[in-house]
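Colleague: Quick check, what structure comes out for this input:
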Amino acid sequence: MLGLAAVAGAASLTAQALPENVVKAEMIRRFPDFVEWPAASLGPKDDIVLCFSPSHPFGTALDGLGKGPAVRGRAVQVRELKRGDGTAGCHVLYVAPADQALLARARQLPLLTVGDQADFCHAGGIINFRVVDGRVRFEIQVGQAVKVGLKLDSQFVRLATAVFRIPQ
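Modeller: Residues are numbered from 1 along each chain as shown. Predicted structure coming up:
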């Protein structure tokens, strides 16, 4: 599967090769290739919407993310949330450390939540970035994904540095 190799390749880029946030943004762009959403939250003709919480650190790394290849035949949209915005229409939600209240609301919804802070997966997030030996890696909370109705590709789960199966 080309997409899986691309995520593995992006994960193995060193911080010297590309800025860390560029690697993370590209990984977020590719994560939907390995997720199935419930039909009620992602219709057959819907675009995949990547949402980023107000305090996200990506800056210009988000430029062009929506112009890449289709994800499972769907276009990709990028939305930067403002304070007070809800997550309606989002399929992937990056939650910055300063925006943890957003995670508290989102963890009950069929959203692929992504973060990069200690205990993100234990707080109800699904994918958490970690930098290990200069490489961007990720851990997955499979129990939370199941709880909100998301199905994760098993080969994708095997790429994670840690897999949690604790139901939230």
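
Colleague: CA only for contacts and neighbour counts going forward, please
Modeller: Fine.

Colleague: Show me the shaky parts of the protein.
Modeller: Applying pLDDT under 70 to the chain picks out residues 1-16, 166-168.

Colleague: Tell me where it has helices.
Modeller: 2-12, 20-30, 100-106, 142-147, 154-158 (DSSP state H).

Colleague: Select, out of these, the one closest to W37.
Modeller: Of all those, helix 142-147 sits nearest to W37, with 9.9 Å by Cα to Cα.

Colleague: Would you mind giving the helices of the chain as a markdown table with distance to G59 added?
Modeller: A markdown table is the format used below for these (distance: least, Cα to Cα, whole Å):
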| stretch | distance to G59 |
| --- | --- |
| helix 2-12 | 19 |
| helix 20-30 | 9 |
| helix 100-106 | 19 |
| helix 142-147 | 27 |
| helix 154-158 | 27 |
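
Colleague: I'd like those as JSON lines, with distance to I126 and mean neighbour count appended.
Modeller: What follows is the helices of the chain, written out as JSON lines (distance: least, Cα to Cα, whole Å; neighbours: other Cα atoms under 10 Å):
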{"stretch": "helix 2-12", "distance to I126": "16", "mean neighbour count": "16"}
{"stretch": "helix 20-30", "distance to I126": "12", "mean neighbour count": "21"}
{"stretch": "helix 100-106", "distance to I126": "10", "mean neighbour count": "16"}
{"stretch": "helix 142-147", "distance to I126": "6", "mean neighbour count": "21"}
{"stretch": "helix 154-158", "distance to I126": "11", "mean neighbour count": "14"}
